[in-house]
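J.: Quick one, fold the following:
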Amino acid sequence: MSEGSDHALEPPQGGAPPSMIELFNRLGRYEGTPEEFLFHLLQTQSHASGAEAGAILRVTEEGNAEAVAMYPRHTGWTTAPVWLAQAAELAAQVIAGGETTIRALHGPGDLYGQKAREHLVLIPLTGARGVRGLAVFVLDTGDLPPTDPRIERLELTVAFMHLHEMRLTLQNRRHDLGRLRVSMDTLAAVNEHNRFTGAAMALCNEMAARWQCERVSVGVLVGRYVQVKGISNTEKFSRKMKLVQDIEAAMEECVDQDLAIVAPAPREASYVSRAGTELARRHGPSSVISLPLRRGGKPVGVVTAERPADRPFDMHQIESMRLTCELCTSRLMDLHLHDRWFGAKLAGGLRKGLAAAVGPRHTWLKVAGVAICAFLAFMVFARGDYTADATFALEAKVRQVVPAPFEGILKAVNVEMGDPVSADKTVLAVLDTAELREQLAASRVEQLQALKSAAEAMRDQETVKAQIARQEARKAEADIRLLQSRIRRASVRSPVSGTVVEGDLKRHVGRRVRLGDPLFHVAPLDSLRAQLYVSEDQIADVRVGQEGRLAVLSYPGQHFPFVVERVNPVAEVVERKNVFEVRVRLLQTEKWMRPGMAGVARITIDRRPYAYIWSRRLVNWIRMKLWW
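T.: The predicted model follows:
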C-alpha cells in the first residue's frame, strides 16, 4: 500500500466497490503518514454511514479548535464552511461533556423555524490523558435519533484511532529492538579485541558491513585535534594522505559543534558542514555522516561513515549508528588509554621539573615531606573564626490571628497572602449573612407577636400572661441585637496593620467556618527576627550577646548581621536530630524579607587553630566511641 496516496482505500476504476469489511481491513493495514490515515479514516467512515463530509479537530492549549484532517479535501476555500465553523464553536462544550452530541445544521438559506435537513454528529476522541480532540461528520437527514445505527458506526472512529496508535507503537518498538540488536552485535565484535587498534578496526568494518558504507573511519581527540586511528578495510594509512586530512577536518567539525553532522546538509539544518561537504565532493560524490563519541558528556572521538550519494542515510539508520557509537565508546576509550597512558607522561614531566628545583634524588618524598610539614604548621599556628553553623527561619515578632466572628459560610475573600492590610479598615473576608438576616426577620416577628400578646393580656387584665409576653419580647430583642452584631461583624477586619502571612482562603469560598477558626494571620513585616536551630554538639559554645551572620536561600550572596538574644535550654527534634532553638535579633533587614524564609547562619564563637576547627567532629566521635 503506497504511503500518502489519496486513493489508497478507494476502489479501482471500473471495478466493483469494496465491501465495508474490506474497507475496514484496508484501514487496519494502512501504513501511511498519520495525516493520510486520518483522511482515509474519515473517508471510510463517511462511506460506511453515508456522511457528506467529516473532519478531525484538535483543541489547542489556548482553547481554539483547528482542523487536522478533512474529507473531502478542499484547497480553494477562503473561509471555513458553515458546518466546520459551527463544529469549532461547539468543540469546547462537547469535549467538556465527553459524550457524542447531535446538533441540527441550518443552511444560510433556511427559513426561521424550518426543519433542518442536515445534522452534525460530534464525537469526542478520548485518550490516555482524557479528551484530546473531536470527530465531526455531516449527515444529510431530516430526523436523526440518537439510536440511529449510523451514529454507532461513526463512534467506531475512536476505536480505529486507538488501534492505529497501538500499531505505530508496536512498529516503533520493533525498530528499537532491531537497532539494539545490531548495536549489541557490533559491540560484541569490538569486545573480542584487547588492543585499541584491533577494536577500532573491528568497529569500522562492522559498521561498514551493516550499513553498506564504502568507508568508515574512527578518530580520537588528542589535545585540540582529531587523529584518525582506523579506517575500514585499510590496515595502513598515513596522516599525510589528502583523504585522511579531509576526514580529520570533517571529524574536527563534528567535535567542535558536538553534533551529528550530515553532508550534504539538508536545507533546514542549523549546523555547519563545510568540511563534511568538501569530503563528500572530493572523494565522492557520496553521503557523509559524522557522529561524536561522547564520554562523561564530552566528545572524545568521532566516527565518520561514507556511502554513495544515491543512498543517503535516513533517520532510522542515523539513530541506529548513534546507539552503536554510544555503546562502543567506553570500550574504545578504555583500550586507547591502556595503550597510550597520557597520565604517565604527565607524571614524568612533573617529576623532572620538581627534581630540578628541589634536588637530584628522592624528589617525590621531599616534595611530600615539605607539603605535609607546611600543612601541619598552618593547622597548628594559623587561627580562624570558630563558628557554630545552624539553619534558621525568619519569623515576625508580632503575629495577629484573625478568627471567624461566628459560625457561617465564607462568602468572599478579598486578600491573598502577601497583601498589605490596614487596622480596622481593610475588609479581609465577608461571611454570608443571608441566614442571619432570615433569623433577624424571624426574631422581629417574634418580638412583635410577643408585644401584641402582652398588649392583649393587659387589655384583658391578665397580668401574668402579660409579663410572660414581655419577657419573650425582651428575649427576641436580645436575639435581634445579637444577630445585628453578627451581621455587622460579617465583614472580617484585622485589628492590626501589616501583611497577610497566612490565609489563602479563596479556594475555600462557600465552605462553612466555625466560631474561632483562624482565618488569617497578619504580621507587621518591619519587625522580623530569626529562629536558629543549633546542633547539640555546639550549643555549649553559644552565649547570649554573641554575633554572627546569616544568608537567606533566596539571596545567598547577601549576609546580614545579628546578635544572640535567647538560648532555649530544652532540645527539640528536627529532622531526627536534636537541636536547640536560639533566637537572634537582626541588625539589618531588607524590604523583601518575609516570615518563613530559611537559610544558613553562623554564630561567631571565637578564634581557634584550624587544627581544632577541622578535627573537632572527628575527635569528638572518637572520644565517644573509645569513652575517652
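
J.: what's the first-to-last distance across stretch 521-530?
T.: Between the opening and closing residues of stretch 521-530 there is a gap of 18 Å (C-alpha to C-alpha, to the nearest Å).

J.: what's the burial count for Arg224?
T.: Look at Arg224: counted by other C-beta atoms under 10 Å, it has 8 neighbours. All C-beta atoms are positioned from the backbone trio N, CA, C, and that covers glycine.

J.: got it, and Arg459?
T.: 9.

J.: Need phi/psi at it.
T.: Torsion angles at Arg459 (phi, psi; degrees, to the nearest 10) stand at phi -70, psi -40.

J.: For it, report the pLDDT, please.
T.: What the model reports as pLDDT for Arg459 is 83.

J.: Ile605 too?
T.: 91.

J.: And Tyr533, by the same measure?
T.: 93.

J.: One more: the one 4 residues further on?
T.: At Asp537 the predicted local distance difference test score is 87.

J.: quick one, what contacts it?
T.: Contacts for Asp537 were tallied using C-beta atoms under 8 Å, 6 or more residues apart in numbering; they are 617, 620.

J.: Is it in a helix, a strand, or coil?
T.: Here Asp537 is recorded as coil under DSSP: H, G, I helix; E, B strand; the rest coil.

J.: now it: how far from Pro609?
T.: Distance, Asp537 to Pro609, using C-beta to C-beta, to the nearest Å: 19 Å.

J.: likewise Leu410?
T.: Going from Leu410 to Pro609 by C-beta to C-beta gives 62 Å.

J.: The two: which is more packed in?
T.: Higher neighbour count among Leu410 and Pro609: Leu410, with 21 against 16, using other C-beta under 10 Å.

J.: Need the pLDDT of the more buried one.
T.: So, for Leu410, pLDDT stands at 84.

J.: That one - that's part of a strand, no?
T.: Yes: checked against three-state DSSP, Leu410 lies within a strand.

J.: next helix or strand past the helix or strand of the chain with the lowest mean pLDDT?
T.: The least trusted helix or strand in the chain, going by mean pLDDT, DSSP states H and E, turns out to be helix 20-28, with a mean of 60. Downstream of helix 20-28, the first helix or strand assigned by DSSP states H and E is helix 34-49.

J.: In three-state terms, how would Gln588 be classified?
T.: At Gln588, secondary structure determined by three-state DSSP is coil.

J.: How many neighbouring residues does it have?
T.: For Gln588, the neighbour count with other C-beta under 10 Å is 11.

J.: again with Val288
T.: So Val288, with other C-beta under 10 Å, has 30 neighbours.

J.: correct me, but it touches Arg282?
T.: No: Val288 is beyond contact range of Arg282, at 10.7 Å (criterion: C-beta atoms under 8 Å).

J.: next one: stretch 190-199 to chain centre, how far?
T.: 43 Å (C-alpha atoms, centre = their mean, to the nearest Å).

J.: Need the CA coordinates for it. CSV is fine.
T.: Listed in CSV are the C-alpha atoms of stretch 190-199, where the atom choice follows Å, rounded to 0.1, in the frame of the first residue of the first chain:
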residue,chain,number,x,y,z
VAL,A,190,34.6,-4.8,19.4
ASN,A,191,34.9,-6.6,22.7
GLU,A,192,36.7,-9.6,21.1
HIS,A,193,39.9,-7.4,20.8
ASN,A,194,42.2,-6.4,23.7
ARG,A,195,44.1,-3.7,21.8
PHE,A,196,42.8,-0.4,20.7
THR,A,197,43.9,-0.8,17.0
GLY,A,198,42.1,-4.1,16.6
ALA,A,199,38.9,-2.8,18.3
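
J.: looking only at pLDDT, what's the mean for it?
T.: Mean predicted confidence for stretch 190-199 is 89.

J.: end-to-end on stretch 452-467?
T.: End-to-end distance for stretch 452-467: 12 Å, by C-alpha to C-alpha.

J.: nope, stretch 232-243 is what I meant
T.: 13 Å.

J.: Would you quantify the distance from the residue of the chain positioned farthest from its centre to Gln471?
T.: Distance from the C-alpha centroid of the chain, by C-alpha atoms, centre = their mean, peaks at Gln461 (83.6 Å). The gap separating Gln461 from Gln471 is 18 Å, by C-beta to C-beta.

J.: mean confidence score for the longest strand along the chain?
T.: Scanning the chain for the strand with the most residues, using DSSP state E, yields strand 555-574. For strand 555-574, the mean pLDDT works out to 90.

J.: list the buried ones in that strand?
T.: By neighbour count with 16 or more other C-beta atoms under 10 Å, strand 555-574 contains the buried residues 560, 562, 564, 567-568.

J.: Direction included, what does that strand pair against?
T.: strand 547-552 (antiparallel), strand 577-586 (antiparallel) (DSSP bridges).

J.: Quick one: closest of the ones you listed to Leu187.
T.: Relative to Leu187, the nearest member of the strands paired with strand 555-574 by C-beta to C-beta is strand 577-586, separated by 47.9 Å.

J.: now the closest one, how far from the centre of its chain.
T.: With C-alpha atoms, centre = their mean as the basis, strand 577-586 stands 36 Å off its chain's centre.

J.: Just the mean pLDDT for it, thanks.
T.: Averaging pLDDT along strand 577-586 yields 91.

J.: After that strand, heading C-terminal, what element do we hit next?
T.: Counting by DSSP H and E, the next helix or strand C-terminal to strand 577-586 is strand 598-609.

J.: I'd like to check the angle between that next one and strand 555-574, please.
T.: Angle, strand 598-609 to strand 555-574, by axes from the mean of the first three to the mean of the last three C-alpha atoms, to 10 degrees: 90 degrees.

J.: quick one: buried residues of strand 598-609?
T.: Going by neighbour count (16+ other C-beta under 10 Å), the buried part of strand 598-609 is 599, 601-603, 605, 609.

J.: Which elements pack onto the helix or strand just after it?
T.: Sequence order places helix 610-626 as the next helix or strand after strand 598-609, per DSSP H and E. Secondary-structure packing of helix 610-626 (3 or more C-beta pairs under 8 Å, 6 or more residues apart in numbering; DSSP states H and E): helix 363-381, strand 383-396.

J.: Just the buried positions in helix 610-626, please.
T.: Under the neighbour-count criterion of 16+ other C-beta under 10 Å, helix 610-626 has 610-611, 613 buried.

J.: which residues are contacting it?
T.: Here helix 610-626 makes contact (C-beta under 8 Å, 6+ apart) with 378-380, 382-384, 386, 537, 628.

J.: Identify the residues contacting Asp526.
T.: Thr589.

J.: roughly how far is stretch 574-592 from the heart of the chain?
T.: Centroid displacement of stretch 574-592 relative to its chain, using C-alpha atoms, centre = their mean, is 32 Å.

J.: meant to ask about stretch 177-193, not that
T.: Distance, centroid of stretch 177-193 to centroid of chain: 35 Å (C-alpha atoms, centre = their mean).

J.: so which helix or strand takes in Lys465?
T.: Counting by DSSP H and E, the element that carries Lys465 is helix 463-488.

J.: What helices and strands are in contact with that helix?
T.: Packing partners of helix 463-488 (3+ C-beta pairs under 8 Å, 6+ apart): helix 434-459.

J.: Let me have the strands paired with strand 555-574 in a markdown table, adding mean neighbour count and distance to Ala249 as columns.
T.: Shown next, in a markdown table, are the strands paired with strand 555-574 (neighbours: other C-beta atoms under 10 Å; distance: least, C-beta to C-beta, whole Å):
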| stretch | mean neighbour count | distance to Ala249 |
| --- | --- | --- |
| strand 547-552 | 19 | 51 |
| strand 577-586 | 18 | 60 |
